[in-house]
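J.: This is a predicted model, with the sequence first.
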Amino acid sequence: MNNFLHNPHKRLFFILGFLLIAIAIPLTVFIAQKQQDIRQRASASDVSFSLPGNNSVPLNQTISVGITLSAGGNNIQSIDFTMTFDKDILEYIDFQPTATFSEVRKTTVSNANQSGTFNYIGASLGTSPNTGSNIFIGSIIFRGKSLGSATVAFQTATVTAISASNQAITLQTNNNSGGTYTVTPDTPSITPIPSTTGNPSPTETSPTTTSIPTIHPTAAPTIVTSCPLPTAPTPAANTVQFTFTVNLPSIGTQGNTGPKHCSRDIAIQIFNSNNQQQGQDIQGTIDYNPSSQNFKGYINAGNLEAGQYYLIIALPQHIRKLIPGFQTVSGPGNVNVTVSNLVVGNVNIQGDSANAVDAQDYNTIISCYGNRAGSSSCPGQTSAATDLDDDGIVGPIDLNIFLRSRSSIRGD
């Protein structure tokens, strides 16, 4: 020991070794913390914002679009995002944040509907970590302003994360996903004509015969054994004629190819792209084409201006149908319209059963089933209405057709 104390070389080595150890320990801790920060900083690619992919909203109605955040294992303290939307189709109404990032917040929306953008900044002051994979941020409320499809997207989005060394790190997110939202026509209802009689039930009461709004036949159609080919009329001068090809779900290529009745009443409504009805409901007929095994009809719409229109069609026994897509009118002349995917089975139009396939329709069919046709529970017109495939018999085929239609409860 005395030799060590009196040997200057040994004392120098001892002092240098002690200093190196004293420096190495905090340096090692510092490097470890930096590596943790680097690992957290490198995980920025896992942080992302997202919206529901696709949805629709009726014209002039509102839609709530939820925003979620995937933290990617980071402890997120604050968020800052700017969103863009199609201001010609959607109108910004409000942003409703959840409590997660709203203790300190700022929403910039002063001219959102002029610029098509808005910004939100929010921070969490709590001690609980925000590290989930599906953190709900809040909901944007839009109104459907005009018909069409609009994209809502993240223009910029950053978050502040707290590192393992309790340091704030700003992460720029790059894998954000927006959504597409389609504004559809706000389908109006067609006011039905009051029913004449009936309160259908499974008992021996007289159910109301089928009809559709504004179509009220006074007698059952004439039964024939074969149908002539429909003849196309010449459109009146300076008018628009819609030529309908109608595929019924129980007659023709999709069912009975030899119906007892050659003609069907129809009614249509015409609306422009601003959801305004053009004139009154138009009534007409469609005729069975034995060659193509579908129905053909010609409706004169008068002096429609050039533009895009959507149509609603109504037939006896069927719920109303909004024909998908716009019909383009370029001027006077003919416009071809194909109608498919109709739902048959609405044989009772009384009360809530109007424009629906429901239990009241089932009861009406059962009251005419088999040899009950023509009885007190099933007078002539009701019997014709419940014969869904128009083969002259109300039986198992009609009941099966009805049961297949039950998946579509209400019409447009």
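T.: Cool, got the structure.
J.: where along this protein do the helices fall?
T.: Using DSSP state H, the helices of the chain run over residues 2-6, 8-42, 112-115, 359-367, 380-386, 396-405.
J.: Can you tell me which of the ones you listed has the worst average pLDDT?
T.: For the helices of the chain, mean pLDDT drops lowest on helix 2-6, to a mean of 53.
J.: And the nearest residue to residue 227 once chain neighbours are set aside, its phi and psi?
T.: Computed as Cβ to Cβ, 6 or more residues apart in numbering, the closest residue to residue 227 that is not its neighbour in sequence is residue 262, at 3.8 Å. For every residue, glycine as well, the C-beta is placed using N, CA and C. Taking degrees, to the nearest 10, you get phi -90, psi -20 for the backbone angles of residue 262.
J.: what about residue 262, neighbour count?
T.: The number of residues packed near residue 262 is 21, by other Cβ atoms under 10 Å.
J.: Can you give me the buried ones in stretch 122-138?
T.: 122, 123, 124, 130, 135, 137, 138 (16 or more other Cβ atoms under 10 Å).
J.: a markdown table for the residues you listed, including distance to residue 253 and pLDDT?
T.: Converted to a markdown table, the buried residues of stretch 122-138 look like this (distance: Cβ to Cβ, whole Å; pLDDT from 0 to 100):
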| residue | distance to residue 253 | pLDDT |
| --- | --- | --- |
| 122 | 58 | 85 |
| 123 | 63 | 84 |
| 124 | 61 | 79 |
| 130 | 58 | 78 |
| 135 | 52 | 88 |
| 137 | 51 | 87 |
| 138 | 51 | 89 |
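J.: can you redo the residues you listed as JSON lines with distance to residue 237?
T.: Formatted as JSON lines, the buried residues of stretch 122-138 follow (distance: Cβ to Cβ, whole Å):
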{"residue": "122", "distance to residue 237": "64"}
{"residue": "123", "distance to residue 237": "70"}
{"residue": "124", "distance to residue 237": "71"}
{"residue": "130", "distance to residue 237": "70"}
{"residue": "135", "distance to residue 237": "65"}
{"residue": "137", "distance to residue 237": "60"}
{"residue": "138", "distance to residue 237": "58"}
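J.: quick one: low-confidence ranges for the stretch 51-200 of the chain?
T.: 103, 126-129, 164-165, 186-200 (pLDDT under 70).
J.: tell me which residues in the biggest strand by length in the chain are buried?
T.: Ranked by residue count and defined by DSSP state E, the top strand of the chain is strand 148-162. Neighbour-count burial for strand 148-162 flags 150, 152, 154, 157, 158, 159, 160, 161, 162 (criterion: 16+ other Cβ under 10 Å).
J.: Just grab the bridge partners of the last one for me.
T.: By that I understand residue 162. residue 168 (DSSP bridges).
J.: related to what we said a few turns ago, mind checking which of the buried residues of stretch 122-138 are in strands?
T.: Assigned to strands by DSSP E, the following of the buried residues of stretch 122-138 qualify: 122, 123, 135, 137, 138.
J.: ok, and the closest non-adjacent residue to the fourth one?
T.: It refers to residue 137. Nearest to residue 137 is residue 67, by Cβ to Cβ, 6+ apart, at 4.3 Å.
J.: In contact with the one you found, which residues?
T.: 49, 50, 51, 136, 137, 138, 139, 140 (Cβ atoms under 8 Å, 6 or more residues apart in numbering).
J.: what's the closest residue to residue 241 other than its chain neighbours sitting at in phi/psi?
T.: Spatial nearest neighbour of residue 241, excluding adjacent residues (Cβ to Cβ, 6+ apart): residue 235 at 3.9 Å. Dihedral angles of residue 235 (phi, psi; degrees, to the nearest 10) stand at phi -60, psi 140.
J.: Spell out which residues sit in contact with residue 235, please.
T.: 241, 300, 332, 333, 334.
J.: Restrict those residues to the buried ones and give me that as a PyMOL selection.
T.: In PyMOL, this line selects whichever of these come out buried by 16+ other Cβ under 10 Å:
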select buried, resi 241
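J.: Check which helices and strands the longest strand of the chain sits against.
T.: Contacts defined by 3 or more Cβ pairs under 8 Å, 6 or more residues apart in numbering; DSSP states H and E place strand 148-162 against strand 76-84, strand 168-172, strand 179-184.
J.: domains in this structure, as residue ranges please.
T.: 45-184, 240-405 (automatic domain parsing).
J.: For those, state which one has the densest average packing.
T.: Highest mean neighbour count of the domains of the chain: domain 240-405, a mean of 19 (counted as mean count of other Cβ atoms under 10 Å).
J.: Could you give the separation between the terminal residues of that one?
T.: One end of domain 240-405 to the other measures 34 Å (Cα to Cα, to the nearest Å).
J.: Could you give the separation of it from the chain centroid?
T.: 24 Å (Cα atoms, centre = their mean, to the nearest Å).
J.: With stretch 141-150 instead?
T.: For stretch 141-150 - counting by Cα atoms, centre = their mean - the centre lies 12 Å from the chain centre.
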